[in-house]
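> After the sequence you'll find the predicted model.
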Amino acid sequence: MPKITINGKEIEFEKGMTVLQACELADVEIPRFCYHEKLSIAGNCRMCLVEMEKSPKPIASCAMPATEGMNIKTNTALVEKARKGVMEFLLANHPLDCPVCDQGGECDLQDQSLYYGVDKSRFVENKRFVKEKYMGPLIKTQMTRCIHCTRCVRFATEVAGVPEIGAIGRGENMEITTYLEKSMESELSANVIDLCPVGALTSKPYAFEARPWELKKTESIDVTDALGSNIRVDTYNWEVKRILPRLNNEINEEWISDKTRYSCDGLLKQRLDTPYIKKENKLQKSSWDEAINLLVGKIRSVKPDEIAGHIGDMINMENALAFKKLFKIIKSDNLEFREKNFYINPNEKMNYIFNSSIAGIENSDLILLIGSNPRHEATILNARIRKTFVQKKIPIFSIGDPGELTYDYEIIGNSTDDIKKIINQEHKFSQKLLSAKKPLIIIGESALELKSGPYIFEQLKKFLVDNNFINNDWNGLNILTQNASTTGLIDLKILKNQKEKNSSFFDDLKSKKFKILYLLGSDNLEFQKDNEFVIYQGSHGDRGAEIADIVLPSPAFTEQNGLYENLEGRVQEANKASYPIGDSLEDWKIFNRVIKKLDNQNQSLNFDELRKEVLQSIPNFSGLNQLPTKSEIEKKEIETNFFSEKILIKKLDYYFTNSISRSSKTMSECRQIRQKVKKDGTNN
C-alpha cells in the first residue's frame, strides 16, 4: 500500500483516497463544511486547507488525491492563518442570530468559529440579505445564513435523485433555491436539514420547540416500513420532539425518509388513553375491569373457531407471541397478520426475506422489479438502488409499471405471461438475465396478491436455483414486504393452520364465519363489519377503533421496548423513549389480565421470558443487528397453477400508510401538497 507522511507520521492509505481521508486515518481532525463522505467532492468552502511540502500555497485536502511520498502538515502557522482567513470571509455576511437559530448547539459553523474565528471584524460594509425560499411544509429556510457549501444541492441530485435544488447567481449574489420555489417532491427531502452545516435549512415542524441539550436521546428503529432504519428519538418531558437518523451503512446509511422523520407529531394526536365500550352505538369511557369482563364474557359465549385475531403492521415480536399464547389458551388458531391475501411460503427463511441484503444491492449487476414500487414501499432501499445505478450504471427492468422512480428503468412486460416467458427462456429479456453474474429480483406484494402469486414465486425461485443464482455467495431472490412486523410474524408462525386447503382467514372473514374479531394494532384490514363483535387494542383512535365494540389502549412503538425483524431478516430492538399515555398498558400486560379472567391455571406472561422465547423461535438467527445465517436450499417443488393476469402495482397513499402518520398534521400537509400537484401540476 502507498504511504503518506502526515505531521511527521508515516501512514498507509488505500489508492484513490484524498488527503483529507488520509488525515482521518492518522487521527488528525480537518475542519470542513462542504465535504461529506456520501456526496461528491465540491471543494468550495476551503476550510480544509493544509500545507503540502513543495507547494507554494495551502491545498484543499478534500479535493487533492493522496499520492505516494506526500508530506502533509496540518498544524502549522500557515495553515492556521489560512483557516482563520477563510472563517473571516464566511462570517463576513453571516447574521448574528445564533441565540434564535434552531441549529444552535449543533452547528458546524458555531463549533469551527470557536477555534478559527477572530474576535473582531474588519468589514464595515452592510451584510447581504437573501429572501427566504419556500421549500414545502418540512424545511424552514433562512438563506441569509447560507455559506454556499452546496451539500443540499448535491444530495438532491445524487442521493434523492430529484434534482430540484440548485444555485442561481454568482459570487456574493449566489443563492441556493428550488428553481421554481415549490415544495420539494422527494421522499428524502428533509435529509438536507441534517446535511446543512449552518442554520440555513432547519426543520419547520420542530422550529423553536427545544434546544438539543434539553432533549433525552434514545437509540431506536423505525417501524413505518419494513426496512428498520436506525433512528434516534429525541424527547422533551417524555414528549417526542423529533426523530433523527443514526448511521448504519448496512441499512439506511445516514438517511431516513420524510415519513420516518416527521410522523412523530402523530404520537401526540388521536391517542387512546382509557378503555372504551360501545353503548347505544357510541363509544363511552370505561374501566379496565369492566372492559376485560365484557371481553372475557364474549369469548366464553362463542365457539373457539368463531374467534379470530389480526395483528397490525407495527406490533413487536414479544407482543405478537403473547397474542399467540392468548389464542392458544382460547383454543383458536385463526390468527393472521397480512392485510391482503398475498402468497407466503414459510417453509424456509429465504422464501420471505430480502436475501441479497440492502447493502448487497451494491454488488448486483442487473435488477428486475416484479410488481413493486420501491420508491414508496421502501424509500431508503430505493435510494440504495439509485446509488448502485449511479455508480455502476447497471440496467434496471420492471414487470408492471411502478410510475416515476429516481433512476432509469425499462418496462419489459405487464402480465404474468411475461414472467412465464422469462422462466421458459422465450422472452428477449431471458438472455440478459442469464448472462448476469449477480442478478437481483425484487418481488413485491402486488405480484404475490395475484391468483398466480404462488406460481410467480415458486417458479422464479426454481429458475434462480436451476441457473445457480442462489448459491453460497449470492442469492438473487428478494421479497419486498411493506410492514415492519411481517418478517418477524412469519418466523413466529403466526399464520392460520391451513390443513383445509379450501379455507383461509380471508375466506372465513368474507363468509362471516367469525363472531369475534380481535384486532391487535390492526388498522389496515379491509372488511365489511356486519354482526362481528370487534375488539380493538392499539395506540390511536384510527380505523380499527372506529368499528370496535371494545377499545383497549396500548402504547406506541416509542413507548415500549420490543424486537422487530426487518425485511432482510435482521433482528433489531426498538427502545422505550417515552412513557405510555393515560391508562394505556403494554399489550402483553393486557393479555395477562384477559388470561387471568379466562384461565384457572394461573398462567401469566413475562416480558423477559417472551423475549427469550422469541429469540429461540427465530430460524437462522445469528444475533441482534446481524443478518440471518444462510438457509439450506429446499429441493422440494410445490405445485402451482398459472393464470394469465395483468400485474398492476397498487398505489400506496405514501404519507398515510399507518395510524401514526394518519394522525400527523405534518404528514397531512405533505399529502395535500402531493394531491394538489397531481391535480393541477403546481405545489406552491
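Great, that's in hand.
> Do you have the strands of the stretch 551-684 of the chain handy? List them.
Taking DSSP state E, counting those that start in this stretch to define them, one finds strands in the stretch 551-684 of the chain at 562-565, 571-574.
> from the ones you listed, which stretch is densest packed?
strand 562-565 (a mean of 26; mean count of other CB atoms under 10 Å). Placement of C-beta: from N, CA and C, glycine included.
> Now do the spatially closest residue to Pro65 that is not a sequence neighbour: how many residues are near it, please.
Once flanking residues are discounted, Pro65 sits nearest to Thr18: 6.0 Å by CB to CB, 6 or more residues apart in numbering. Residues lying near Thr18 (other CB atoms under 10 Å) number 20.
> And the pLDDT at Thr18?
Per-residue confidence (pLDDT) for Thr18: 93.
> what separates Glu362 from Lys438, distance-wise?
Distance, Glu362 to Lys438, using CB to CB, to the nearest Å: 10 Å.
> Gln142 now?
46 Å.
> These two - which one has more neighbours?
Neighbours per residue (other CB under 10 Å) separate Gln142 from Lys438, with Gln142 holding more: 20 against 16.
> what sits against the more buried one?
The contact partners of Gln142, taken as CB atoms under 8 Å, 6 or more residues apart in numbering, are Asp97, Cys101, Glu132, Gly199, Ala200, Thr202.
> got those residues as CSV, with distance to Asn7, neighbour count and secondary structure columns?
Output for the contacts of Gln142, formatted as CSV (distance: CB to CB, whole Å; neighbours: other CB atoms under 10 Å; DSSP: H, G, I helix; E, B strand; the rest coil):
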residue, distance to Asn7, neighbour count, secondary structure
Asp97, 37, 12, coil
Cys101, 35, 19, coil
Glu132, 43, 11, coil
Gly199, 33, 26, coil
Ala200, 34, 28, coil
Thr202, 37, 19, strand
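> what's the burial count for the closest residue to Pro95 other than its chain neighbours?
Leaving out its chain neighbours, the residue that sits closest to Pro95 by CB to CB, 6+ apart is Thr144, at 5.3 Å. Residues near Thr144, counting by other CB under 10 Å, number 17.
> show me what contacts Thr144?
Asn93, His94, Pro95, Lys127, Arg128, Phe129, Val130, Ala200.
> hmm, which of those are the buried ones?
Among these, those classed as buried by 16 or more other CB atoms under 10 Å are Asn93, His94, Val130, Ala200.
> would you turn those residues into a markdown table with pLDDT?
Formatted as a markdown table, those follow (pLDDT from 0 to 100):
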| residue | pLDDT |
| --- | --- |
| Asn93 | 88 |
| His94 | 90 |
| Val130 | 91 |
| Ala200 | 93 |
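> Make CSV from the residues you listed and add secondary structure and distance to Lys387 to it.
Shown next, in CSV, are these (DSSP: H, G, I helix; E, B strand; the rest coil; distance: CB to CB, whole Å):
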residue, secondary structure, distance to Lys387
Asn93, coil, 35
His94, coil, 33
Val130, coil, 32
Ala200, coil, 25
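> so which of those residues comes closest to Met350?
Ala200 (46.7 Å; CB to CB).
> what sits against Asp194?
Leu244, Pro245, Glu254.
> now do 6 Å
By CB atoms under 6 Å, 6 or more residues apart in numbering, no residues touch Asp194.
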